[in-house]
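1. need a 3D model of the sequence below.
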Amino acid sequence: MATKGLYYNASHDGMDHAYRQRIAEQYQISALNKSRLKYCIFFHYLLFFAMLAKLSADILDKLDIFILEIEELSIPQPLWWEYIWCISLLLSFLGLAAIRRNGVKQMKQYIAGLCIFGYLPLLYALVYYCKNVWIYLTSDDDDELDNIQWWQGYPYGLLWYAFILLAVQVHSFSLYFAWSLIKAWRARGVKKID
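-> Okay, here's the model as predicted:
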């Protein structure tokens, strides 16, 4: 050791590691799941910006702003579920506040809001585009394929299914990590003020 000399104590050479204090498991779980939930919220933001790009044509039309490049894309008119899904982004602030304060009540509200404003609109979209996706995947008839909606040469329903798949994964992981945080916070044995 480089510190051998006047203040060297043989009992501090690292061999006493078995007697050192350890961090309780619930605190380790809490720290790990807080980090993971923050990543999920970050990916939720990315999905929101993709949705915002899709909604930009409609938003600009409502504001009476004309941008030729966006109009040339011929983006289909949005459905109500797209705007409702965007509300789920606001819940991320509730989740981040719960992480900061270890708030069980706020985290439960985050979970409930994510189920309502995250999953339900996605479920509606899944059912709404099911027929178009089924026709695209199973039909060999060009007349039937002409009846489904296309955008930029791609089947519109299949594009939404890709978005739904990503969003469901992000929401599912968020729910799992949020629930793990609630269990870890309750395991502390200390009642936290919500």
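2. and stretch 86-93, which residues are buried?
-> 86, 88, 89, 91, 92 (16 or more other CB atoms under 10 Å). Just so you know, the C-beta spots here come from the backbone N, C-alpha and C atoms, and that holds for glycine as well.
3. gap between stretch 106-122 and the chain center?
-> 11 Å (CA atoms, centre = their mean, to the nearest Å).
4. any buried residues in the helix ranked longest in the chain, and which?
-> Longest helix in the chain by number of residues (criterion: DSSP state H): helix 25-62. In terms of neighbour count (16+ other CB under 10 Å), helix 25-62 has its buried residues at 29-30, 33-34, 36-37, 40-41, 43-44, 47-48, 51, 54, 57.
5. who does the strand or helix carrying residue 164 touch, helix- and strand-wise?
-> According to DSSP states H and E, residue 164 maps onto helix 156-187. Contacting helix 156-187 under the criterion 3 or more CB pairs under 8 Å, 6 or more residues apart in numbering; DSSP states H and E are the following elements: helix 25-62, helix 90-101, helix 104-114, helix 120-128, helix 130-138.
6. now the third one: mean pLDDT?
-> Confidence over helix 104-114, taken as the mean pLDDT, stands at 94.
7. C-alpha coordinates for it, CSV please?
-> In CSV, the C-alpha atoms belonging to helix 104-114 read as follows (Å, rounded to 0.1, in the frame of the first residue of the first chain):
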residue,chain,number,x,y,z
VAL,A,104,-46.6,6.2,-3.6
LYS,A,105,-49.8,8.1,-4.2
GLN,A,106,-48.4,10.0,-7.2
MET,A,107,-46.9,6.9,-8.7
LYS,A,108,-50.4,5.2,-8.4
GLN,A,109,-51.9,8.1,-10.2
TYR,A,110,-49.2,7.9,-12.9
ILE,A,111,-50.0,4.2,-13.4
ALA,A,112,-53.8,4.8,-13.6
GLY,A,113,-53.3,7.7,-16.0
LEU,A,114,-51.0,5.7,-18.2
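8. other residues contacting it?
-> Contacts to helix 104-114, defined as CB atoms under 8 Å, 6 or more residues apart in numbering, come from residues 88, 91, 94-95, 97-99, 171, 174-175, 178-179, 181-182, 185-186, 192, 194.
9. of those residues, grab the buried ones for PyMOL.
-> Burial among the contacts of helix 104-114 is assessed by 16+ other CB under 10 Å; the matching PyMOL selection reads:
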select buried, resi 88+91+94+95+98+99+171+174+175+178+181+182+185
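10. picking that back up, now render the helices and strands packed on helix 156-187 as a markdown table, adding distance to residue 162.
-> Shown next, in a markdown table, are the helices and strands packed on helix 156-187 (distance: least, CB to CB, whole Å):
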| stretch | distance to residue 162 |
| --- | --- |
| helix 25-62 | 10 |
| helix 90-101 | 22 |
| helix 104-114 | 20 |
| helix 120-128 | 12 |
| helix 130-138 | 10 |
